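1. need a structure here:
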Amino acid sequence: MIKPAAKPDWFITDQETIRPIAEAPGIEYNPKIGFLIHRSHLPLINSDEAWRYLGSAPGPRDEWDKRDEKTAPLGFTLKRTQHQAVDYIRARRGTLLGDEPRVGKTLAAAFSHEPDLGRLVVVAPLMVREVWLSWLRRVFPGEDIGIMTGRKFDPVEADKPIVFGHYDILYGWQSGESIGTLVFDEAHLLSNHRARRTMAATLLASRAQRVIAATGSPVWNMPTGLWSVLGLVAPGAIGDYHTFCRRYGAPEPTAYGNVYTGISNGDELSARLTELMISRRWVDVQADLPPITRNVVVVDINDRQRRKLDVEAASLQQSAKTNTAASLARYRDALSMVKLPATVAEAERCMQLGEPVVIWTWHRDLADSIVERLVQDGFDAMAMTGDTPHKHRERVLDHWRKLPNAALVVTISVAQVGIDLSHSHRPIFAEIDYLPLMIAQAEMRTFAPTRAMNVTYVLADHYVDRKIARALTGKLEASTPLDLGAGEGAISAIDQAFREPVDEADMQRFMDDLLAG
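-> Numbers count the residues shown, from 1 in each chain. Below you'll find the model as predicted:
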């Protein structure tokens, strides 16, 4: 027996029905009405009665047509993936919107709001404020939008029908006003369940009719980080922290208690997530989007440069025994300078054609060197690195966007998440990261759904870049049991450039020692 309960997304059932899933966390017992289960448990029951209540099928196509008729005068229409997301979100009290970057999360989340529910509140990092405000003004033209600034809660701004606030204001957002739709963008920032920010977000979510947690970063790779985010969208459905993690976090007992090491009962967790999370990878939706062309520039290294790098390697071997990460970073820094002329040449070729470019680096000093070289050659160029104060970053972006063919040089750690760089469709990677996800997210900062994009990777014909390329390929192949790989196209292009291995025995031993440390 399964029938809807008074609480949204919860159902009443009997002991016999829940017997096969009795160990799954989140089942409640009420002596007056029987057992209460959340809709995320229904796929585990696997009965016709359970599937009848899931309601995960897309809405009727005529509903999509009505939406497009409504939005066409506003200058946009929803893509197929965004229609699907809106259908999914509106059928639930809470949703984890886990699409990869640039699939269209922002518009899908904004359009899912139904004004009859109450006010729309968006909480996001300050860096993405302008992106959100741009879409909110397009989706809800003429509506008064409250904008939280600074770190102090402003009750006047919070009383408007649409409100944007950044995460630093959460601590003071303790008013009791109800919320219709609450969106947490970059929700992986709430993965630490002990953080004050997360506890404040949980309190705010308790007053919302609908909660959307959006993130392109796979916090679900480790259930320990997933618990608090799921608690925002489906409170009570996943049990308490330790119950959830003992079931899904691959616990290993120690003298100090359990240590959660990965994923256990992965199939069960995946089934439950189908009713809490909608997640589309880039490869799943690319047929709906304009193409991305990737090319790789391989820089030859002459004998003089190679000898200089070998001297650097020898000097680092001793320090590598105590500080592996720093030694590898210093060596990559030295190698990056070999690629500087080729990177600058690629950027200048684009700018001479009247196109703005984004140049990605891993090291700050390489970013500064690229800007210096471009300016010396008479081009407009500016950098945004970890040394750029947060309050100045928006100014840098605004200045770059106003120029028709300038170069913006950014470090991957600073700008690969939650920032719109679509002023350019010509990103150039002077360096690559160790993680496929970081590369994929950086690529998508310059993507726009209205035109194609051309990506250039500048790699050195050297063992270090080859080693990183092979490591990227291995990490991509070893994607999690939840099948959430990222960056397939980018890694494939890099891998093709280095298809044939080169034997550099001494360097291989040095790098293997570093990476093994």
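
2. please report how far Pro115 lies from His188.
-> Separation of Pro115 from His188 (Cβ to Cβ, to the nearest Å): 28 Å. C-beta coordinates here come from the backbone N, C-alpha and C atoms, glycine included.

3. more crowded one of these two?
-> The neighbour count for Pro115 versus His188, taken as other Cβ atoms under 10 Å, is higher for His188 (20 against 13).

4. pretty sure the more buried one contacts Met222?
-> No: in this structure, His188 is not within contact of Met222 by Cβ atoms under 8 Å, at 10.7 Å.

5. would you map the helices across the stretch 251-400 of the chain?
-> For the stretch 251-400 of the chain, applying DSSP state H, counting those that start in this stretch gives helices covering 266-273, 282-285, 303-319, 324-338, 340-352, 364-376, 390-402.

6. next: the stretch 1-150 of the chain.
-> 15-18, 42-45, 48-52, 61-71, 80-90, 105-111, 129-139.

7. and the second one, what does it pack onto?
-> Secondary-structure packing of helix 42-45 (3 or more Cβ pairs under 8 Å, 6 or more residues apart in numbering; DSSP states H and E): helix 48-52, helix 266-273.

8. so can I have CSV of these showing mean neighbour count?
-> As requested, these are exported to CSV (neighbours: other Cβ atoms under 10 Å):
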stretch, mean neighbour count
helix 48-52, 13
helix 266-273, 18
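
9. deepest of the helices of the stretch 1-150 of the chain, which one?
-> With neighbours taken as mean count of other Cβ atoms under 10 Å, the helices of the stretch 1-150 of the chain reach their highest mean count in helix 105-111, at a mean of 23.

10. got the contact list for that helix?
-> If you take Cβ atoms under 8 Å, 6 or more residues apart in numbering as the criterion, helix 105-111 is touched by 67, 71, 76, 78, 81-82, 85-86, 89, 97, 99, 120, 122, 131-132, 135-136, 139-140, 183, 185, 212, 214, 216.

11. ok now stretch 453-463, how far from the chain's centre?
-> Distance, stretch centre to chain centre, for stretch 453-463: 23 Å (Cα atoms, centre = their mean, to the nearest Å).

12. from now on call the first residue 21
-> Understood, numbering begins at 21; the last thing we discussed is stretch 473-483.

13. what are the ranges of the strands in the stretch 71-220 of the chain?
-> 114-117, 140-144, 165-167, 182-186, 199-205 (DSSP state E, counting those that start in this stretch).

14. what about the fourth one, distance to the chain center?
-> With Cα atoms, centre = their mean as the basis, strand 182-186 stands 20 Å off its chain's centre.

15. averaged pLDDT, that strand. What do you get?
-> Strand 182-186 shows a mean pLDDT of 93.

16. so what's the nearest residue to Met168 once chain neighbours are set aside bridging to?
-> The spatially closest residue to Met168, leaving aside those adjacent along the chain, is Gly185, at 3.7 Å (Cβ to Cβ, 6 or more residues apart in numbering). Beta bridges link Gly185 to Val143 when assigned by DSSP bridges.

17. mind checking how far Gly185 is from Val249?
-> 18 Å.

18. before we move on, the earlier item: which of the helices of the stretch 21-170 of the chain has the lowest mean pLDDT?
-> Minimum mean pLDDT among the helices of the stretch 21-170 of the chain: helix 68-72, a mean of 75.

19. residues near Arg266, how many?
-> So Arg266, with other Cβ under 10 Å, has 18 neighbours.

20. brain fart, Gly118
-> There are 27 residues near Gly118, going by other Cβ under 10 Å.

21. does it touch Gly236 like I think?
-> Yes: look at Gly118 against Gly236 with Cβ under 8 Å: they come within range, at 7.3 Å.

22. avg pLDDT for stretch 205-215?
-> Computed over stretch 205-215, the mean pLDDT rounds to 89.

23. and stretch 399-419, by the same measure?
-> Mean pLDDT, stretch 399-419: 87.

24. end to end on it, go ahead and measure it.
-> 14 Å (Cα to Cα, to the nearest Å).

25. can you check stretch 351-366 too?
-> 24 Å.

26. what's the offset of that stretch from the middle of its chain?
-> 28 Å.

27. what residues of that stretch count as buried?
-> Neighbour-count burial for stretch 351-366, with 16 or more other Cβ atoms under 10 Å as criterion, is recorded at 351-356, 358-360, 362-364, 366.

28. do the same with stretch 448-457
-> Within stretch 448-457, the residues scored as buried using 16+ other Cβ under 10 Å are Ile448, Phe449, Ala450, Glu451, Ile452, Asp453, Leu455, Pro456, Leu457.

29. of these, closest to Met168?
-> For the buried residues of stretch 448-457, the minimum distance to Met168 (Cβ to Cβ) is 29.6 Å, reached by Leu457.

30. for whatever helix or strand that closest one lives in, which helices and strands make contact with it?
-> Using DSSP states H and E, the element containing Leu457 is helix 456-464. Contacts defined by 3+ Cβ pairs under 8 Å, 6+ apart place helix 456-464 against helix 432-435, strand 447-449, helix 483-497, helix 508-517.

31. one more pass at 6 Å, please.
-> Judged by 3 or more Cβ pairs under 6 Å, 6 or more residues apart in numbering; DSSP states H and E, helix 456-464 is in contact with helix 483-497, helix 508-517.

32. Val317 versus the nearest residue to Ala450 once chain neighbours are set aside, what's the distance?
-> Excluding the flanking residues, the one nearest Ala450 by Cβ to Cβ, 6+ apart is Thr363, at 4.2 Å. Noted for Thr363: a distance of 8 Å to Val317, by Cβ to Cβ.

33. and if you look at Ser356?
-> Taking Cβ to Cβ, one finds Ser356 at 14 Å from Val317.

34. centre-most residue in this structure?
-> Gly236 (2.4 Å; Cα atoms, centre = their mean).

35. that one and Gln461, how far apart?
-> Gly236 is 6 Å from Gln461, by Cβ to Cβ.

36. could you grab the helix/strand/coil label for the closest residue to Trp420 other than its chain neighbours?
-> Of all residues not flanking Trp420 in the chain, Leu428 sits nearest, at 4.5 Å (Cβ to Cβ, 6+ apart). Using DSSP: H, G, I helix; E, B strand; the rest coil, the structure places Leu428 in strand.

37. Leu428: neighbouring residues, count only.
-> 28.

38. that one contacts Val377, correct?
-> No: using Cβ atoms under 6 Å, Leu428 is not in contact with Val377; the gap is 7.4 Å.

39. quick one: residues contacting Pro243.
-> Cys265, Tyr268, Gly269 (Cβ atoms under 6 Å, 6 or more residues apart in numbering).

40. now Asp88
-> Asp88 neighbours (Cβ under 6 Å, 6+ apart): Thr97.

41. against Gly256, how distant is it?
-> Distance, Asp88 to Gly256, using Cβ to Cβ: 37 Å.

42. do the same with Thr274
-> Distance from Thr274 to Gly256, by Cβ to Cβ: 29 Å.

43. neighbour count winner among these two?
-> Legend: neighbour count by other Cβ under 10 Å for Thr274 and Gly256, higher for Gly256 (14 against 8).

44. tell me where the model's unsure across the stretch 271-420 of the chain.
-> 302-304, 306-308, 330-350 (pLDDT under 70).

45. switch the cut-off to 90
-> 271, 273-287, 289-291, 293-294, 299-359, 382-385, 405-415, 417-418 (pLDDT under 90).

46. if I look at the residue lying closest to Val106 once chain neighbours are set aside, how far off is Gly114?
-> Ranked by Cβ to Cβ, 6+ apart and with sequence neighbours excluded, the top spatial neighbour of Val106 is Ser132, at 5.0 Å. In this structure, Ser132 and Gly114 are 12 Å apart, going by Cβ to Cβ.
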